[in-house]
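Colleague: Using only what follows, build the 3D model:
(one chain, ligands or ions: 2)
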Amino acid sequence: MAGAAPTPTPENPANGWGGLFPGSPVIPHGPWSVREGAILFMGMALGRGDELMGALGQILALAPFRHMETPGGRRMSVAMSNCGTTGWISDRRGYRYTDRDPMTGHPWPPLPAIFRELAEAAADQAGFPGFHPDVCLVNGYRPGSGLSLHQDRDERDGSAPIVSVSLGLPATFLFGGIKRRDPVEHFRLHHGDVFVWGGASRYVFHGIARLAPGHHPVTGAQRINLTFRQAL
Ligand code: MD6
Ligand code: FE
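Modeller: Residues are numbered from 1 along each chain as shown. Ligands and ions are numbered 1, 2, ... in the order given. A predicted model of the protein is given here:
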């Protein structure tokens, strides 16, 4: 009477409850190895959402969200800010890390302890011990905004992973290959998910599909993503 086991996916994991009774909810769980070097800890930041949002509020009061310009002169639909000893920026001169916020002339706000603890714990559990981020790039998505396929290659040391924390509205992550034209997988990132990637996945093309409208109790009508990197 037992049928073939369904293939585990983030929406229908092998060890969630969703496989037991048709239509029953899937309980967040983790980790899920998406690909070599890419590990998704579903719901790892759940329960710390309010704390993370509190720390984020203080950061955004000092370094507000802004829409940066691409080197080609286009306004990015994603709003960005940073905290840490350096910050990622884009303007007509290119992509780079700077130790000051060009909008205020001040250093970026420091990385809050709660951010650092979460990022280091996730990297450690993913098999990247000794990860010490010097920057958290904050991305703010409103319905309709997205991030086209790109590689993250402005960091000095490619052996350090990137840790990404999703808050608020869900988004579809586009996960391609090492070449821009490689096939692209899609999967959903939800509030509280922590995604660690490095190693063989460090330089894959990836992006975020345009956000669908919605409302989330923690963030309102937006998705916020924190990406922690060792940039310098
Ligand atoms: C985002 N994330 O999730 C955009 N990059 O809003 C990224 O571009 C990203 O999540 C490198 C590693 C993890 C990421
Ligand atoms: Fe990226």
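
Colleague: low-scoring pLDDT stretches of this structure, where are they?
Modeller: Flagging of the chain using pLDDT under 70 yields the residue ranges 1-30.

Colleague: so where do the strands sit in it?
Modeller: Ranges of strands in the chain, per DSSP state E, are 32-35, 38-41, 79-84, 87-91, 94-98, 135-141, 147-150, 162-168, 171-175, 185-189, 194-197, 206-208, 223-229.

Colleague: Now these in CSV, please, with extra columns for mean neighbour count.
Modeller: C-beta here means a position set from N, CA and C on the backbone, and glycine is covered the same way. Formatted as CSV, the strands of the chain follow (neighbours: other CB atoms under 10 Å):
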stretch, mean neighbour count
strand 32-35, 16
strand 38-41, 23
strand 79-84, 23
strand 87-91, 21
strand 94-98, 15
strand 135-141, 23
strand 147-150, 16
strand 162-168, 25
strand 171-175, 21
strand 185-189, 16
strand 194-197, 27
strand 206-208, 20
strand 223-229, 24
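
Colleague: possible to save the ones you listed as CSV with distance to ligand 1?
Modeller: Output for the strands of the chain, formatted as CSV (distance: least, CB to the nearest ligand atom, whole Å):
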stretch, distance to ligand 1
strand 32-35, 11
strand 38-41, 9
strand 79-84, 10
strand 87-91, 10
strand 94-98, 12
strand 135-141, 4
strand 147-150, 5
strand 162-168, 3
strand 171-175, 6
strand 185-189, 6
strand 194-197, 6
strand 206-208, 5
strand 223-229, 3
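
Colleague: separation between residue 190 and residue 168?
Modeller: For residue 190, the distance to residue 168 (CB to CB, to the nearest Å) stands at 9 Å.

Colleague: With residue 187 instead?
Modeller: From residue 187 to residue 168 the distance is 17 Å (CB to CB).

Colleague: Residue 182 now?
Modeller: According to CB to CB, residue 182 and residue 168 sit 29 Å apart.

Colleague: With residue 86 instead?
Modeller: Counting by CB to CB, the gap from residue 86 to residue 168 is 25 Å.

Colleague: got it, and residue 150?
Modeller: For residue 150, the distance to residue 168 equals 21 Å [CB to CB].

Colleague: Could you do residue 44 as well?
Modeller: The value you get for residue 44 to residue 168, if CB to CB is used, is 15 Å.

Colleague: what about residue 57, neighbour count?
Modeller: When neighbours are defined as other CB atoms under 10 Å, residue 57 has 9 of them.

Colleague: Report the separation between it and residue 156.
Modeller: With distances taken as CB to CB, residue 57 is found 30 Å from residue 156.

Colleague: go on, residue 229?
Modeller: Using CB to CB, residue 229 is found at 10 Å from residue 156.

Colleague: before we move on, what about residue 80?
Modeller: Taken as CB to CB, the span from residue 80 to residue 156 is 20 Å.

Colleague: again with residue 76
Modeller: According to CB to CB, residue 76 stands 23 Å off from residue 156.

Colleague: Give me the more crowded residue out of the two.
Modeller: Per other CB under 10 Å, whichever of residue 76 and residue 156 has more neighbours is residue 76, with 17 against 10.

Colleague: That's all I had, so thanks and see you.
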